[in-house]
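A.B. asks: Quick one, what's the 3D model for this:
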Amino acid sequence: MTRATLDKQPHEVATMFDDVAANYDLTNDVLSLGQDRRWRKEVAKAVDARPAQKVLDLAAGTGTSSLPFAATGAYVVPCDFSLGMLREGKKKHGWLPLTAGDGTKLPFRDEVFDAVTISFGLRNIQDTEAALRELYRVTKPGGRVVICEFSHATWAPFRKVYEEYLIRALPPIARAVSSNPDAYVYLAESIQTWPDQPALAALMQKAGWSKVAWRNLSGGIVAMHRGFKA
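C.D. replies: Next up is the predicted model:
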C-alpha cells in the first residue's frame with residue numbers, strides 16, 4: 001500500500017492516487033456521505049461555463065468532475081498528474097481530452113482558458129503558490145478561477161466533531177470501501193494542516209488573482225474560493 005507524506009512529494013502523491021483510482025469516485029461518495037455531489041454542483045454554478053468557452057479542470061482525476069462543464073457546451077480539458085486516474089477516466093469517459101500534467105508546470109500556453117478550476121486537489125500539490133501562479137498564467141484576462149477544497153469548520157463545536165470524524169471514523173470506513181485505505185489517512189491529515197479560508201484567499205491574491213472571495217459549504221468543512229484575472 002502507498003500513502004504520501006505531508007511534504008507531498010509529487011511521485012508519492014501520484015502513486016497514491018494511482019492506487020485508489022479504481023474505486024475513487026465511489027469512495028468519495030461514501031466518505032462524504034454523498035455531499036461531494038452537492039459540492040460539485042456548487043462548483044459548476046460558480047464556474048458558469050458557457051458554450052465555446054475553454055475550461056481547465058485541474059486535478060480532475062477520472063474526469064467525472066469535468067462532466068458538468070462539458071454539458072454546457074464548453075470545451076473542458078481534464079488534467080491530472082496521476083496516470084492511474086487518467087487510465088480509469090479513459091475507461092469511463094473516453095471522449096474527454098484527458099491530459100497528463102503537473103499543477104506547478106502546466107502543459108498549456110499563456111492565456112488559453114476562460115475559466116480554470118480545481119476541486120479537492122490543490123492541497124495535494126507540493127507548491128501551492130506555484131500552482132496558483134500557473135492557473136493565473138494559463139487564464140485569459142478577465143477569466144476566473146474557482147477552487148473548491150476541504151477547509152475548516154466555522155462553528156467550534158462542529159469543528160471538534162468533524163476533526164474526530166477525520167481521525168477516528170474515516171480510516172475504518174476507508175478500509176471497507178477503498179483499494180488503498182492508507183491513502184485516506186494522508187488525506188485526513190492533509191485536511192487538518194491545510195490553510196483556513198482567509199489564508200488561502202491571501203495566497204490567491206499573492207499569485208495575482210483579484211476580487212478574491214469565498215463561500216463556506218457544509219459549515220465550512222469545504223470552502224469555495226473564486227477570483228478573477230484583471
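
A.B. asks: going forward, measure contacts and count neighbours with C-alpha atoms only.
C.D. replies: Fine.

A.B. asks: Can you get me a residue count around His11?
C.D. replies: His11 sits with 11 neighbouring residues when counted by other CA atoms under 10 Å.

A.B. asks: State the next helix or strand along the chain beyond the longest strand seen in the chain.
C.D. replies: Secondary structure assigned by DSSP state E gives strand 139-150 as the longest strand of the chain. Using DSSP states H and E, the helix or strand that directly follows strand 139-150 along the chain is helix 156-164.

A.B. asks: Can I get stretch 15-23 as PDB, trimmed to CA atoms?
C.D. replies: Listed in PDB are the C-alpha atoms of stretch 15-23, where the atom choice follows Å, rounded to 0.1, in the frame of the first residue of the first chain:
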ATOM      1  CA  THR A  15       1.500   6.800  -6.900                       C
ATOM      2  CA  MET A  16      -1.000   7.100  -4.000                       C
ATOM      3  CA  PHE A  17      -3.700   8.300  -6.400                       C
ATOM      4  CA  ASP A  18      -2.800   5.600  -8.900                       C
ATOM      5  CA  ASP A  19      -3.500   3.000  -6.200                       C
ATOM      6  CA  VAL A  20      -7.000   4.400  -5.400                       C
ATOM      7  CA  ALA A  21      -8.100   5.200  -8.900                       C
ATOM      8  CA  ALA A  22     -10.400   2.100  -9.400                       C
ATOM      9  CA  ASN A  23     -12.800   3.000  -6.600                       C
END
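
A.B. asks: Next, the buried residues of that stretch.
C.D. replies: In terms of neighbour count (16 or more other CA atoms under 10 Å), stretch 15-23 has its buried residues at Thr15, Met16, Phe17, Asp18, Asp19, Val20, Ala21, Ala22.
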